[in-house]
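K.L.:
Provided below are the primary sequence and the corresponding predicted coordinates.
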Amino acid sequence: MSSQTPRVRFAPSPTGYLHIGSARTFIFNWLYARQQQGTMILRIDDTDLERNTEASLRSIFDGLSWLGLAWDEQYRQSERLDLHRRLAWSLFEQGFAYRDFTPAQPAEEASEGETVGWLFNEAARNMEREESDRRAASGEPFVLRFRVPRDAPRTVSFVDAVYGEQSKEAKDIEDFALLRSSGMPTYHMASCADDADLRITHIIRGQDHLTNTFKHILLFEALGFGAMGFGAPRFAHLPLLVAPDGAKLSKRKHGPVVSVMTYAEAGFLPHGYINFLCLLGWNPKDNREVLSQAELVQLFRFEGVNRSNAVVNFTEADPIDPKALWLNAQHLRSMPVAELAPLVRAVIEKAGLPIPQDEASFPNVVDTLRARYSTLEDFVRLGRPYFAEDFAMEDTALEKLNAPQARELLRELGARLEAASEYTEASIEVELRNLAAERGVKPGLLINGSRAALTGQAVGPSAFALYTCVGRERAIRRLKAV
RNA sequence: GGCGCCAUCGUCUAGCGGUUAGGACGGAGCCCUCUCAAGGCUUAAACACGGGUUCGAUUCCCGUUGGCGCUACCA
């Protein structure tokens, strides 16, 4: 038994934007593929013509490209319908499927009290082939259903890499549809046909598919999986991501918080978000949480995936999970400045702020500011005074400037700095402290005043570091203008 | 209703018969300090319930409750 190179797939359907749960499924597939040096496949499961939209398709690609995790092969089910139909009809010819001319019935119509789970329509399941052919030929619409083996007792079972041994009686499985009356394959048919054809070795997907798996195993069997020269895929189901009230995350109910792009637009680093998602339902068992991409690839194990749903913490007021923010901050503060600086440059440019002229000092500014920022957007929102000429004077900062003698001394400090030959953190500190001593005021008056004058903020980096961040010319101008 | 899955601090989680039930986020407090962060320290906070099995259950089994998923041409 040689271990085959894993082939995994992420199969979103373009019926909405890239969902946070889908993103995590993608990431776990990707981690496993990279760790095992396997193949990552992106398959667009677009067999539901009614609900597919181009906008959804674009947003899925937007979300995936933001994550920055590349895949190796790409397919679209709508381009593979011939395969699905061919296999469906071959199942029919072999007796594994039958036509059902019964119109679809809403499940809710079943009478209360005596609701018996529907499994199949007996007349259709037992219909003679001759009659079935005749009615089909006359143009009567039908769905093609899988004939679940239910004449003899049969237990369908498999071992899930996360949930362990799973089994279900075949008699409890309904005769699911393979082909719609429109001729379009259903999810079950298309997915299994493609998984077989694409030689998928590991199906890693949400737990909402756990009970579908029994159907898929039956389908794989009927498709002759064993005879196709390789084993049936292994399954790994992932616990679901749910809202704080425990409900399934949905676009309609929870709005854009479920979209990957909400985090992107909030200024998250892709890796900060990835790290956060990995910790929702998986952990490396050693209390480590801040993990690099290489570490995630190395440490990921199905055994480390747990089985209960995980809550994504958000409120109407704040769509961002606090832990995600913290993790992002950890990466923001520890990643190489050389990698962070271009990202910061991109967001401030996008926000329409002037790009710093001084190429050399920019990384230093970024380095100084990031210690107290959590997202890239913080550089735009809080960092404005460091990049733009116009910025707001906050009330708390105004109070500092309104302190007795503050304005007068700050203007004096500005004049001295202008006259000084040196402009370094150390030299500025000397000038400032000397001035304070000469005039008999506490250094704090000038320190806090400087921060207020230079940034319009009462809080921020060390006052002296701040001088070099703002730059000599601008600092002096702002001091003199108080 | 049927079938399946799940159940440790507010949240993410460790735990795989004997622990002061550990860590992280968030909260509270202290230290540091030119402000705010960061950082360091301290602290509050959990085994859903009931039966078993066992010398001993958070841990194993059963049940209850609760949550989630699937349930006639969504994926």
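P.N.:
Perfect, I can see it now.
K.L.:
Report the closest residue of the stretch 1-150 of chain A relative to RNA strand B.
P.N.:
A:Gly117 (2.8 Å; CB to the nearest atom of the strand). Placement of C-beta: from N, CA and C, glycine included.
K.L.:
Can you list the low-confidence ranges for the stretch 201-350 of chain A?
P.N.:
A:226-230 (pLDDT under 70).
K.L.:
just checking, what packs against the strand or helix carrying A:Asn364?
P.N.:
Assigned by DSSP states H and E, A:Asn364 falls within helix A:362-370. Packed against helix A:362-370 by the contact rule (3 or more CB pairs under 8 Å, 6 or more residues apart in numbering; DSSP states H and E) you find helix A:337-350, helix A:376-381, helix A:463-470.
K.L.:
Wondering if it reaches RNA strand B at all.
P.N.:
No. Helix A:362-370 stays clear of RNA strand B (CB under 7 Å from any atom of the strand), getting no nearer than 9.6 Å.
K.L.:
Can you name the residues in contact with that helix?
P.N.:
A:332-333, A:337-338, A:340-341, A:344-345, A:356, A:378-379, A:382-383, A:386, A:461, A:465-466, A:468-469 (CB atoms under 8 Å, 6 or more residues apart in numbering).
K.L.:
Can you sort out which of those residues also neighbour RNA strand B?
P.N.:
Among the contacts of helix A:362-370, the residues lying close to RNA strand B (CB under 7 Å from any atom of the strand) are A:333, A:461, A:465.
K.L.:
residues near the nearest residue to the second one once chain neighbours are set aside, how many?
P.N.:
Distance criterion CB to CB, 6 or more residues apart in numbering; nearest residue to A:Pro461, sequence neighbours excluded, is A:Thr368 at 5.1 Å. As a burial measure, the neighbour count of A:Thr368 was computed by other CB atoms under 10 Å and equals 18.
K.L.:
Report the separation between A:Thr368 and A:Leu269.
P.N.:
18 Å (CB to CB, to the nearest Å).
K.L.:
swap in A:Gly16?
P.N.:
Separation of A:Gly16 from A:Leu269 (CB to CB) stands at 24 Å.
K.L.:
For A:Ala107, report the pLDDT, please.
P.N.:
On pLDDT, A:Ala107 comes in at 60.
K.L.:
these two touch, right, A:Thr262 and A:Pro319?
P.N.:
Yes. Contact criterion CB atoms under 8 Å: A:Thr262 and A:Pro319 qualify, at 5.5 Å.
K.L.:
And the nearest residue to A:Arg76 once chain neighbours are set aside, how far from A:Glu54?
P.N.:
Nearest residue to A:Arg76, sequence neighbours excluded (CB to CB, 6+ apart): A:Ile44, at 4.5 Å. To A:Glu54, A:Ile44 is 12 Å away according to CB to CB.
K.L.:
try A:Ala371
P.N.:
From A:Ala371 to A:Glu54 the distance is 43 Å (CB to CB).
K.L.:
Look at those two and report which has more neighbours.
P.N.:
Under the neighbour definition other CB under 10 Å, A:Ala371 and A:Glu54 were set side by side, and A:Ala371 has more, 12 against 8.
K.L.:
got a list of what that one touches?
P.N.:
Shown in contact with A:Ala371 (CB under 8 Å, 6+ apart): A:333, A:461.
K.L.:
Helices of the stretch 201-350 of chain A, residue ranges please.
P.N.:
A:212-222, A:251-254, A:260-265, A:270-278, A:293-299, A:322-334, A:337-350 (DSSP state H, counting those that start in this stretch).
K.L.:
Tabulate these (a markdown table), appending mean neighbour count.
P.N.:
Formatted as a markdown table, those follow (neighbours: other CB atoms under 10 Å):
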| stretch | mean neighbour count |
| --- | --- |
| helix A:212-222 | 21 |
| helix A:251-254 | 13 |
| helix A:260-265 | 19 |
| helix A:270-278 | 24 |
| helix A:293-299 | 16 |
| helix A:322-334 | 19 |
| helix A:337-350 | 15 |
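K.L.:
counting contacts, what elements does the helix or strand containing A:Asp133 pack onto?
P.N.:
According to DSSP H and E, A:Asp133 maps onto helix A:129-137. In terms of contacts (3+ CB pairs under 8 Å, 6+ apart), helix A:129-137 is packed against strand A:97-100.
K.L.:
From the chain's centroid, how far away is the following helix or strand past the strand it packs on?
P.N.:
Following strand A:97-100 in sequence order, the next helix or strand is helix A:122-125 (DSSP H and E). Computed by CA atoms, centre = their mean, to the nearest Å, the chain-centroid distance of helix A:122-125 equals 44 Å.
K.L.:
what's the span of stretch A:387-394, first residue to last?
P.N.:
17 Å (CA to CA, to the nearest Å).
K.L.:
Please name the residues that touch A:Val311.
P.N.:
Taking CB under 8 Å, 6+ apart as the test, what A:Val311 contacts is A:241-244, A:246.
K.L.:
any idea of the mean pLDDT for the helix holding A:Asp133?
P.N.:
Average pLDDT, helix A:129-137: 98.
K.L.:
is whatever helix or strand comes next after that helix anywhere near RNA strand B?
P.N.:
Later in the chain than helix A:129-137, the nearest helix or strand by DSSP H and E is strand A:143-146. Yes. Contact of strand A:143-146 with RNA strand B (CB under 7 Å from any atom of the strand) involves A:143, A:145.
K.L.:
Equivalent analysis for stretch A:127-138, please.
P.N.:
No. Against RNA strand B, stretch A:127-138 shows no contacts by CB under 7 Å from any atom of the strand, the least distance being 12.9 Å.
K.L.:
Identify the residues contacting that stretch?
P.N.:
With contact meaning CB under 8 Å, 6+ apart, stretch A:127-138 is reached by A:98-99, A:101, A:142.
K.L.:
Make CSV out of those residues and add pLDDT.
P.N.:
Formatted as CSV, those follow (pLDDT from 0 to 100):
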residue, pLDDT
A:Tyr98, 98
A:Arg99, 98
A:Phe101, 97
A:Phe142, 98
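K.L.:
Farthest pair within the residues you listed?
P.N.:
A:Tyr98 and A:Phe101 (10.2 Å; CB to CB).
K.L.:
In terms of packing, which of those two has more residues around it?
P.N.:
A:Tyr98 (23 against 17).
K.L.:
Isn't that one up against A:Arg145?
P.N.:
Yes. Under the criterion of CB under 8 Å, A:Tyr98 makes contact with A:Arg145 at 5.9 Å.
K.L.:
picking that back up, highest neighbour count among the contacts of A:Val311?
P.N.:
In terms of neighbours by other CB under 10 Å, the contacts of A:Val311 top out with A:Leu241 at 23 neighbours.
K.L.:
Can you tell me the closest non-neighbouring residue to that one?
P.N.:
Closest to A:Leu241 by CB to CB, 6+ apart is A:Gly21, at 4.3 Å.
K.L.:
count of neighbours near that neighbour?
P.N.:
24.
K.L.:
This completes my enquiry, with thanks.
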